[in-house]
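Student: Build me a structure from this.
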Amino acid sequence: MPETITYLEMTDAADLREPSRPAEVEHAFRQVTDPAVNRALYEEIGGPHQWVDRLRWSDELWAAWAAGVETWIVEVSEEPAGYFELRVDRNSTLISIFGLRKAYRGKGLGAALLTQAIKRGFELAPRVWVSTNTMDAEHALANYEARGMKAFRREELA
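Tutor: Numbering: from 1, shown residues only. You can find the predicted model right below:
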């Protein structure tokens, strides 16, 4: 089955739509600067979705990457439930990674985490964008669209 990549953006913070319901669990957001956190969450969350680009990275590469992005985690009872990475380039903030650990899906945390990512993205630049594909979590695209992001490009890969 061909893979479809969808690129979405938001160019006005006023377009952000808050989740229609609160998350079902108490949670908190925390910025982290430890590349080991980026690596561990990337491997765990990305495994089922074929995130393979960074699997062969050395510790040095992970450290350099983590130094160039903002990494935020959402915690439930002090346990990381998911995370996002933001990378600023000129006048845009890219949500370069976004995901939840499997045990925390379906509890409204994805909407809360994405809302936080978009809000923080707009604090850094006037445009926030992301890409997702048909191999990502089942509700990823719907979550981006529900928050108000609009597709600006689609690619079909063979």
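
Student: quick one: low-confidence ranges for this structure?
Tutor: Within the chain, the segments meeting pLDDT under 70 span 1.

Student: now the strands for it?
Tutor: For the chain, the strands defined by DSSP state E cover 3-10, 28-32, 70-76, 79-89, 92-100, 128-133, 150-157.

Student: Listing partners with orientation, what would you give for the shortest one?
Tutor: What that stands for is strand 28-32. Strand 28-32 sits in its sheet next to strand 70-76 (antiparallel), going by DSSP bridges.

Student: Buried residues of the strand it pairs with, list them for me.
Tutor: The neighbour-count check on strand 70-76 (16 or more other CB atoms under 10 Å) flags E70, T71, W72, I73, V74, V76 as buried. Backbone N, C-alpha and C define where each C-beta goes, glycine included.

Student: what would those residues look like in CSV with distance to V88?
Tutor: Shown next, in CSV, are those (distance: CB to CB, whole Å):
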residue, distance to V88
E70, 8
T71, 13
W72, 14
I73, 19
V74, 21
V76, 28
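
Student: List just the nearest of these to T134.
Tutor: Checking the buried residues of strand 70-76 against T134 by CB to CB gives V74 as the nearest, at 24.4 Å.

Student: Show me the beta-bridge partners of that closest one.
Tutor: Beta-bridge pairing of V74 under DSSP bridges involves F29, G82.

Student: give me every residue that touches the spatially closest residue to A13 that is not a sequence neighbour.
Tutor: Once flanking residues are discounted, A13 sits nearest to F122: 4.3 Å by CB to CB, 6 or more residues apart in numbering. F122 sits next to M10, A13, L16, T93, V128 when contact means CB atoms under 8 Å, 6 or more residues apart in numbering.

Student: Buried among the residues you listed? Need that as a selection in PyMOL.
Tutor: In PyMOL, a selection of the buried entries from the contacts of F122 looks like this (16+ other CB under 10 Å):
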select buried, resi 10+16+93+128
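
Student: Pick the one among the contacts of F122 closest to Y144.
Tutor: M10 (9.1 Å).
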